[in-house]
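A.B. asks: Give me a model of this one.
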Amino acid sequence: MSDTPKDPRRRYSASVVDGPGKAAGRAMLRAVGFRDEDFAKPQVGIASTWSNLTPCNSHIDELARQASDGADAAGGKGVIFNTITVSDGIANGTEGMKYSLVSREVIADSIETVAGCEGFDGLVAIGGCDKNMPGCLMGLARLDRPGVFVYGGTILPGKGHTDIVSVFEAMGAHSRGDIDLIELKQIEETAIPGPGSCGGMYTANTMASAIEALGMSLPGSSAQNAVSNDKREDCKAAGAAVLELLERDIKPSDIMTREAFENAITVVIALGGSTNAVLHLIGMARTVGVDLSLEDFTRIGKRVPVVADLRPSGHYMMSELVAIGGIQPLMKTLLDAGLLHGDCLTVTGRTLAENLAGVAPYPEDQRIIAALDAPLKAESHLRILHGNLAPEGAVAKITGKEGTRFSGTARVFGSEEEAQARINDGTVVAGDVVVIRYEGPRGGPGMREMLTPTSAIMGRGLGDSVALITDGRFSGGSHGFVVGHVTPEAFDGGPLALVEDGDRITIDAEADTIEVELPDEELMRRRAAWQPPAPRYTRGVLAKYARMVSSASTGAVTDLPD
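C.D. replies: Numbers count the residues shown, from 1 in each chain. Below is the predicted model of the structure:
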């Protein structure tokens, strides 16, 4: 094979397969199915998060093949490779959950590693479970090669309109004595009917919607059932779209702009999305060089209402939103109201406004999405709190159903397990503010989700009378009066480390404050006596993560520049 002029679409693969000096590489590729003509095509890496350890990802092997076929049909050469996934739904409430947020960084690292090594010219990344999505986007952003993200799709409801959060809350109801083991087992057996990501506006569906609004998915990708012809066609179209992006040299950095991130924040708020979106969008933005901050969520939240009646705080599931048109009609409404930047470029090669031009409104009789002038909540449910407990910020999810102010007595725990035991045995009572500390990015390490304790609180009927604050984070399925991402975290000597049982804590979602009612002198006295705890891990991936990770307020990423 002789040297040939480089095809501008083959900026990376040409250096791997062109010319006599690359015969060995071509020999290896022939063994996995390359033919002579394939070496002259742009190579499209298909990053698959397939695994049969979770329903969120158990079908993605087929979707990856569809994406590869789409790239091939458009004149490229698809090459499928895998990255990892872990399951929050399985790991929640265990020590294993400390690996969940870490997996986001591992996914980004692995996509960057494989594509950087193998010389892929463009990429399709397919994610299902929570951390897959921001991990995939961070990998695409680091490489800055033409790429498209595909969401694996949502699960269908279980029997009796149940889902994974129904199971967690049934566990709390069982511990209270409201249901017996037979009833608990019936919910366990029927709540998860097949493939797809958890069915409410939890973190997976939140992030899928955010990424579509960001412009990095094809229109409609975020609101499709996991097992459907629409999702298979979405994957084929994504593979083909990469070839068009290569032709026009459109890269993630052209799409993932500050205005695009503002669009993503707007859609997350309108949908009543997960607090994890704050962490992930800031992390994704920092990866692509956009200086997004907590204050951006406050600023945008003052003008964007919550209009979606979706779980966990609402009634409906993502599959029901899919049935009435997904998020495209909502985005068109937000655009027409001047709440979205319509001139942002997307992976279609067109602007957001151009993509939405022909979108029809929702059916008149639907009840899932309220009108902008009659919202469920006039301002954002994602509240960024500051105060003497969180001088660098904290993130609360306050829908208004919990009230907007809570004042109670601190009941302090040094781990999720300790708190869970005391919730289950009745130690935690109405009027308590449950404080779970040393669960931050460095202290945990890994910033576990507190879905198990928040579900136990709801299951025991304490959802309107107990608050919970933590330097950990929450599942998208958590609801109630909850505050997470408290920074600085306790492990770094943040004020949360100084709280004692019986202290009075007030959370005010109108003033956006979180305060412990102690004089500065007392806090200073306690700080002088405080000793940092020993690291929980000294070797392995959790220890490496704890040494490298940034604060939750900067996205808890591991690759910030010095």
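A.B. asks: Restrict stretch 247-267 to CA atoms and write it as PDB.
C.D. replies: Taking only C-alpha atoms (Å, rounded to 0.1, in the frame of the first residue of the first chain), the coordinates of stretch 247-267 have been written out as PDB:
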ATOM      1  CA  GLU A 247     -17.000  16.600   6.500                       C
ATOM      2  CA  ARG A 248     -17.700  19.900   8.100                       C
ATOM      3  CA  ASP A 249     -15.000  19.600  10.800                       C
ATOM      4  CA  ILE A 250     -17.500  20.300  13.600                       C
ATOM      5  CA  LYS A 251     -16.100  19.300  16.900                       C
ATOM      6  CA  PRO A 252     -17.500  19.200  20.500                       C
ATOM      7  CA  SER A 253     -15.800  22.500  21.300                       C
ATOM      8  CA  ASP A 254     -17.800  24.100  18.600                       C
ATOM      9  CA  ILE A 255     -21.000  22.800  20.200                       C
ATOM     10  CA  MET A 256     -20.300  22.800  23.900                       C
ATOM     11  CA  THR A 257     -20.200  26.500  24.400                       C
ATOM     12  CA  ARG A 258     -21.300  28.600  27.400                       C
ATOM     13  CA  GLU A 259     -24.600  29.400  25.800                       C
ATOM     14  CA  ALA A 260     -25.200  25.600  25.100                       C
ATOM     15  CA  PHE A 261     -24.600  24.800  28.700                       C
ATOM     16  CA  GLU A 262     -27.100  27.500  29.700                       C
ATOM     17  CA  ASN A 263     -29.600  25.800  27.400                       C
ATOM     18  CA  ALA A 264     -28.900  22.500  29.200                       C
ATOM     19  CA  ILE A 265     -29.400  24.100  32.600                       C
ATOM     20  CA  THR A 266     -32.700  25.700  31.500                       C
ATOM     21  CA  VAL A 267     -34.100  22.300  30.300                       C
END
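A.B. asks: Pull out the buried residues from that stretch.
C.D. replies: Residues of stretch 247-267 classed as buried by neighbour count (16 or more other C-beta atoms under 10 Å): 250-252, 254-258, 260-267. Heads up, the C-betas are built off the backbone N, CA and C, glycines and all.
A.B. asks: what ranges do the helices span in the stretch 201-350 of the chain?
C.D. replies: 203-214, 229-248, 252-255, 258-271, 276-288, 294-301, 318-323, 328-336 (DSSP state H, counting those that start in this stretch).
A.B. asks: Let's test this: mean pLDDT of the first one, rounded?
C.D. replies: Per-residue confidence for helix 203-214 averages out to 97 on the pLDDT scale.
A.B. asks: okay, it in PDB with CA atoms only?
C.D. replies: The C-alpha trace of helix 203-214 is given here as PDB (Å, rounded to 0.1, in the frame of the first residue of the first chain):
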ATOM      1  CA  THR A 203     -30.200  11.300  36.900                       C
ATOM      2  CA  ALA A 204     -30.100   9.200  33.700                       C
ATOM      3  CA  ASN A 205     -33.100  10.900  32.100                       C
ATOM      4  CA  THR A 206     -32.000  14.300  33.400                       C
ATOM      5  CA  MET A 207     -28.600  14.000  31.900                       C
ATOM      6  CA  ALA A 208     -29.900  12.600  28.600                       C
ATOM      7  CA  SER A 209     -32.200  15.600  28.300                       C
ATOM      8  CA  ALA A 210     -29.400  18.000  29.300                       C
ATOM      9  CA  ILE A 211     -27.100  16.500  26.600                       C
ATOM     10  CA  GLU A 212     -29.800  16.800  23.900                       C
ATOM     11  CA  ALA A 213     -30.300  20.500  24.900                       C
ATOM     12  CA  LEU A 214     -26.600  20.900  24.900                       C
END
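A.B. asks: Arg367: which of the helices of the stretch 201-350 of the chain is closest?
C.D. replies: Evaluated over these, closeness to Arg367 peaks at helix 318-323, with 9.6 Å, by C-beta to C-beta.
A.B. asks: Would you pull up how far the closest one lies from the middle of the chain?
C.D. replies: Its chain's C-alpha centre and that of helix 318-323 lie 19 Å apart, by C-alpha atoms, centre = their mean, to the nearest Å.
A.B. asks: contacts for that helix?
C.D. replies: Residues outside helix 318-323 that contact it (C-beta atoms under 8 Å, 6 or more residues apart in numbering) are 154-157, 199-201, 205, 223-225, 308, 310, 327, 368-369.
A.B. asks: Could you do stretch 29-42 as well?
C.D. replies: In this structure, residues lying in contact with stretch 29-42 by C-beta under 8 Å, 6+ apart are 1, 4, 7, 9-10, 13, 17-18, 26, 75-77, 121-122, 243, 246.
A.B. asks: mind listing which of these are in strands?
C.D. replies: Filtering the contacts of stretch 29-42 for membership in strands, criterion DSSP state E, returns 77, 122.
A.B. asks: Nearest to Val483 among the contacts of stretch 29-42?
C.D. replies: Here the nearest of these to Val483, counting by C-beta to C-beta, is Gly122; it sits at 41.2 Å.
A.B. asks: about what we covered before: out of the helices of the stretch 201-350 of the chain, which comes closest to Val102?
C.D. replies: Nearest to Val102 among those is helix 276-288; the distance by C-beta to C-beta comes to 12.6 Å.
A.B. asks: The closest one vs helix 203-214, what angle?
C.D. replies: With axes from the mean of the first three to the mean of the last three C-alpha atoms, to 10 degrees as the criterion, the two stretches helix 276-288 and helix 203-214 enclose an angle of 50 degrees.
A.B. asks: which helices and strands sit right next to helix 276-288?
C.D. replies: Contacts of helix 276-288 with other secondary structure elements, assessed using 3 or more C-beta pairs under 8 Å, 6 or more residues apart in numbering; DSSP states H and E, are made with helix 100-118, helix 132-143, helix 203-214, helix 258-271, helix 294-301, strand 382-387.
A.B. asks: With distance to Val466 as new columns, can these be given to me in CSV?
C.D. replies: Listed next are the helices and strands packed on helix 276-288 as CSV, based on distance: least, C-beta to C-beta, whole Å:
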stretch, distance to Val466
helix 100-118, 24
helix 132-143, 30
helix 203-214, 23
helix 258-271, 26
helix 294-301, 25
strand 382-387, 18
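A.B. asks: closest one to Arg525 among those?
C.D. replies: The closest approach between Arg525 and any of the helices and strands packed on helix 276-288, judged by C-beta to C-beta, belongs to strand 382-387 at 19.1 Å.
A.B. asks: Out of the helices of the stretch 201-350 of the chain, which one sits most buried?
C.D. replies: The highest mean neighbour count among these belongs to helix 203-214 (a mean of 30), with neighbours defined as mean count of other C-beta atoms under 10 Å.
A.B. asks: which residues in the stretch 401-550 of the chain form helices?
C.D. replies: Assignment of helices within the stretch 401-550 of the chain using DSSP H, counting those that start in this stretch yields the ranges 416-424, 451-459, 520-529, 540-548.
A.B. asks: Check the stretch 51-200 of the chain too.
C.D. replies: 60-73, 88-91, 100-118, 132-143, 164-176, 181-190.
A.B. asks: List the buried residues of the fifth one.
C.D. replies: Along helix 164-176, the positions that meet the burial threshold by neighbour count (16+ other C-beta under 10 Å) are 164-175.
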